[in-house]
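Trainee: using only what follows, build the 3D model:
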Amino acid sequence: MSTQTHPDVLEKLVSLCKRRGFIFQSSEIYGGTGSVWDYGPLGVELKKNLKDRWWHSMVRARQDIEGIDAAILMHREVWVASGHVAGFTDPLVDCRNCKKRFRADDPRIKGTPGTPDAQCPACGMKGTLSEPRLFNLMFRTFMGPVEDSAAEIFLRPETAQGIYVNFLNVQQAMRQKVPFGIAQIGKAFRNEITPGNFIFRTREFEQMEMQFFVEPGTDMQWFDYWKEQRMTWHRSLGLAEERLQFHQHTTEELAHYARAAFDIQFDFGGTLGFQEIEGVHNRGDFDLTQHQKHSGKKLEYFDQPNNRRFVPNVVETSVGADRTTLALLVNAYREEQVPGEEEGRTVLGFAPSLAPVKAGVFPLVKKDGMPEFAEKLAKELRAGFPVFYDESGAIGRRYRRQDEVGTPFCITVDGQTMQDGTVTIRDRDTLQQERVAADRVRSVIAERIGVGV
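Mentor: Down below sits the predicted model:
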């Protein structure tokens, strides 16, 4: 079996994802909403599997991390304290001719914006670009019946602040001792100026964040610990070793409050190349100190054995759920030529535990009791994991359809099944088939995908 991978598969994935029910353009019948995407039946399963995997490793498998779900709408002063109101801005320029907007540092702009020699990178006109203006990336809305500045609030641009303001609530309610962490999965919103590349950069996205609160002086030790832990987790997803790397933030890249920062990058291929899918940051005591200052409420931890109080330092791990979902799709995509067949196949080679559908169940033909047997088997299997039943078309085409959506196992009910109660289980990657008693299929597949029955 020969495998062909493509350096840039995004265009192919956009088509596949729409055709097979992974991801659709939001509001497509109205022309679409820019850089906003809807997850279809298979996409929502893939992303949920990813989030469940993260939640289990971060919260359920550990005693020192608690989970929360903070509200999207927060007090306006939260974003003043965090620096987002004053500093979460990009300098932008507008073209007075084509009405398009660009970042002032867009490398495609020739000349200096605001001068006669500046050339618009879209329409090519000279002298039409405005001087740079600061543009806040937060979406604004109003709470209550009157739209005035007193009622102005924001859709959160990150989930971390909901953790910081709940630090003492969680610590005291759960009787946690420093060091400990708080984790959450949630939506965030950024009015990005240059979004694109499918679900890589969107205006509405989902984050999986954990803030780990530590004693001052131990922050770099915990930073190194979480850096390695998080890379190990990404490898466990089946992402290819050669497509993962660390990127250390330079002095110029570091946020003003950060003591150290590393990105975990994945090679998306093509024009994207290596890009961040997770950030690990040593944020010092900046966040809790800021909220303590602006709220007037102490956010100190009381170390009872040593009879002292301190503001913890924070080590942050922040994963983009959408970007990592895209990494899974890119990593899994392959095209193969199968010996003895003229027509090749497209495969999404997800790790079985992450695949949206775990098994396809097919009657070989629609007669001789095979559909009834297959439907009964599919119903039994659904009690343990997602199953797709298909009785239409040639069996080879049914296999190919499941290969394309990443289903790791296909179960076929045939003539021999009606004689001895055995079925065939086909492996997506090896194409090998084995006969198994129908009453053992659920336990066999559950063991291979790593779930209980």
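Trainee: hey, let's count contacts and neighbours off CA atoms from now on
Mentor: OK.
Trainee: and the strands in the stretch 201-350 of the chain?
Mentor: 204-214, 244-248, 260-267, 274-284, 301-303, 308-310, 313-320, 333-337, 345-348 (DSSP state E, counting those that start in this stretch).
Trainee: looking at the ones you listed, which is buried most?
Mentor: Stretch with highest mean neighbour count among the strands of the stretch 201-350 of the chain: strand 313-320 (a mean of 25; mean count of other Cα atoms under 10 Å).
Trainee: and the strands of the stretch 201-350 of the chain: which comes nearest residue 92?
Mentor: Closest to residue 92 of the strands of the stretch 201-350 of the chain, according to Cα to Cα: strand 204-214, at 20.5 Å.
Trainee: if we can go back for a sec, just send the strands of the stretch 201-350 of the chain back as CSV, with mean pLDDT and distance to residue 137 too.
Mentor: Compiled in CSV, those are given as follows (pLDDT from 0 to 100; distance: least, Cα to Cα, whole Å):
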stretch, mean pLDDT, distance to residue 137
strand 204-214, 98, 12
strand 244-248, 98, 25
strand 260-267, 97, 22
strand 274-284, 97, 19
strand 301-303, 96, 33
strand 308-310, 96, 33
strand 313-320, 98, 18
strand 333-337, 94, 33
strand 345-348, 96, 35
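Trainee: just give me the neighbour total for residue 111.
Mentor: 15 (other Cα atoms under 10 Å).
Trainee: need phi/psi at it.
Mentor: Dihedral angles of residue 111 (phi, psi; degrees, to the nearest 10) stand at phi 90, psi -170.
Trainee: from residue 443, how far out is the closest residue to it other than its chain neighbours?
Mentor: Nearest residue to residue 111 in three dimensions, chain neighbours excluded: residue 118, at 4.2 Å (Cα to Cα, 6 or more residues apart in numbering). To residue 443, residue 118 is 67 Å away according to Cα to Cα, to the nearest Å.
Trainee: between the two, which has more neighbouring residues?
Mentor: The neighbour comparison of residue 118 against residue 443 (other Cα under 10 Å) goes to residue 118, with 19 against 14.
Trainee: I figured the residue nearest to residue 111 hits residue 112, correct?
Mentor: Yes. Between residue 118 and residue 112 there is a contact under Cα atoms under 8 Å: 5.1 Å.
Trainee: just to revisit the earlier point, let me have the strands of the stretch 201-350 of the chain in a markdown table, extended by distance to residue 146.
Mentor: Below are these laid out as a markdown table (distance: least, Cα to Cα, whole Å):
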| stretch | distance to residue 146 |
| --- | --- |
| strand 204-214 | 26 |
| strand 244-248 | 46 |
| strand 260-267 | 42 |
| strand 274-284 | 37 |
| strand 301-303 | 39 |
| strand 308-310 | 41 |
| strand 313-320 | 35 |
| strand 333-337 | 51 |
| strand 345-348 | 51 |
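Trainee: quick check: what element follows the helix or strand hosting residue 426 along the chain?
Mentor: Element membership for residue 426, per DSSP states H and E: strand 422-427. As assigned by DSSP H and E, the chain's next helix or strand after strand 422-427 is strand 433-437.
Trainee: what are the pairing partners of that following strand, and which direction each?
Mentor: strand 422-427 (antiparallel) (DSSP bridges).
Trainee: and the lengthiest helix in the chain, what does it pack onto?
Mentor: In the chain, assigned by DSSP state H, the helix with the most residues is helix 219-236. Applying 3 or more Cα pairs under 8 Å, 6 or more residues apart in numbering; DSSP states H and E, we find helix 219-236 packed against strand 274-284, strand 313-320.
Trainee: strand partners of the longest one, parallel vs antiparallel please.
Mentor: Note on strand 274-284: by DSSP bridges, its sheet partners are strand 260-267 (antiparallel), strand 313-320 (antiparallel).
Trainee: between the first one and strand 244-248, how big is the angle?
Mentor: Pointing back at strand 260-267 there. Interaxial angle of strand 260-267 relative to strand 244-248 (axes from the mean of the first three to the mean of the last three Cα atoms, to 10 degrees): 150 degrees.
Trainee: also the last one?
Mentor: Following the same axes, to 10 degrees, one obtains 140 degrees for the angle between strand 313-320 and strand 244-248.
Trainee: residues contacting strand 313-320, please?
Mentor: 205-216, 219, 222-223, 226, 230, 277-286 (Cα atoms under 8 Å, 6 or more residues apart in numbering).
Trainee: and the first one, by the same measure?
Mentor: Residues lying outside strand 260-267 but in contact with it, judged by Cα under 8 Å, 6+ apart, are 227, 231, 243-249, 254, 273-283, 327.
Trainee: at 6 Å what do you get?
Mentor: 243-249, 273-282 (Cα atoms under 6 Å, 6 or more residues apart in numbering).
Trainee: gap between the residue nearest to the spatial centre of the chain and residue 446?
Mentor: Centroid check for the chain by Cα atoms, centre = their mean gives residue 321 as the closest residue, at 1.5 Å. Distance, residue 321 to residue 446, using Cα to Cα: 25 Å.
Trainee: could you list the low-confidence segments of the stretch 351-453 of the chain?
Mentor: Applying pLDDT under 70 to the stretch 351-453 of the chain flags the ranges 452-453.
Trainee: which parts of it are helices?
Mentor: 370-382, 395-405, 415-420, 441-449 (DSSP state H, counting those that start in this stretch).
Trainee: so what's the residue nearest to residue 111 scoring on pLDDT?
Mentor: The model reports residue 118 with a pLDDT of 92.
Trainee: mind listing what residue 274 touches?
Mentor: With contacts taken as Cα under 6 Å, 6+ apart, residue 274 has the following neighbours: 265-267.
Trainee: contacts for the helix or strand containing residue 78, please.
Mentor: Using DSSP H and E, residue 78 sits within helix 76-82. Contact with helix 76-82 is made by 85, 153, 290-291, 294, as judged by Cα under 6 Å, 6+ apart.
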